[in-house]
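Visitor: Quick one, structure for this:
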Amino acid sequence: MLEQSGSWIVAVKRDFVAQHYLIGGDWGAENTKHSHHYVVEVQLMGCSLDQHGYLVDIVDIEHHLDSLVDSYRDQTLNDLPLFAGHNPSIERFCQIICRQLVEHIVAETLTTMTVKIWENEIAWASFTLPVRATAEQ
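Guide: Numbers count the residues shown, from 1 in each chain. Below is the predicted model:
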């Protein structure tokens, strides 16, 4: 019999194009509106599996992530209320998406959610939330 210690990670990835421009500093070309081919990965972590041997239903993750990605696809991030008054950095973008997803993906087995976003082939950021602590707030 397999020992049940340790933890599991289930991840789903999607890509989309959106635009932004940075504010509040002199970042050269980044200060003008430009597009990024973003790749977002959601990692769900936990220490136990459900009665079916799943950490979380991947179809559920895909459904919520697809819906969220569609709301950002082809948008200018600066124009969205969630970014009002803030730089639309990938760090902030990770935080926003993570907080949105943690409200929708529910499973007793989950302990942590991480959202990682690449804005190109070499640059990424991530944001992690404890799932149960966030759900109680």
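
Visitor: tell me which element L65 falls in.
Guide: L65 is part of helix 58-72 when elements are defined by DSSP states H and E.

Visitor: Show me the strands in the protein, by range?
Guide: 8-20, 34-46, 112-118, 124-130 (DSSP state E).

Visitor: Between strand 112-118 and the first one, find me the angle.
Guide: Our comparison of strand 8-20 with strand 112-118, counting by axes from the mean of the first three to the mean of the last three C-alpha atoms, to 10 degrees, yields an angle of 40 degrees.

Visitor: Could you tell me the angle between strand 8-20 and helix 58-72?
Guide: Using the same axes, to 10 degrees, strand 8-20 lies at 10 degrees relative to helix 58-72.

Visitor: Let the chain start at 18 from now.
Guide: Yep, numbering from 18; the last one is strand 25-37 now.

Visitor: Mind listing what's buried along strand 25-37?
Guide: W25, V27, V29, R31, F33, A35, H37 (16 or more other C-beta atoms under 10 Å). All C-beta atoms are positioned from the backbone trio N, CA, C, and that covers glycine.

Visitor: How far does that strand sit from its chain's centre?
Guide: 7 Å (C-alpha atoms, centre = their mean, to the nearest Å).

Visitor: ditto for the third one
Guide: The gap between the average C-alpha position of strand 129-135 and the chain average comes to 5 Å, counting by C-alpha atoms, centre = their mean.
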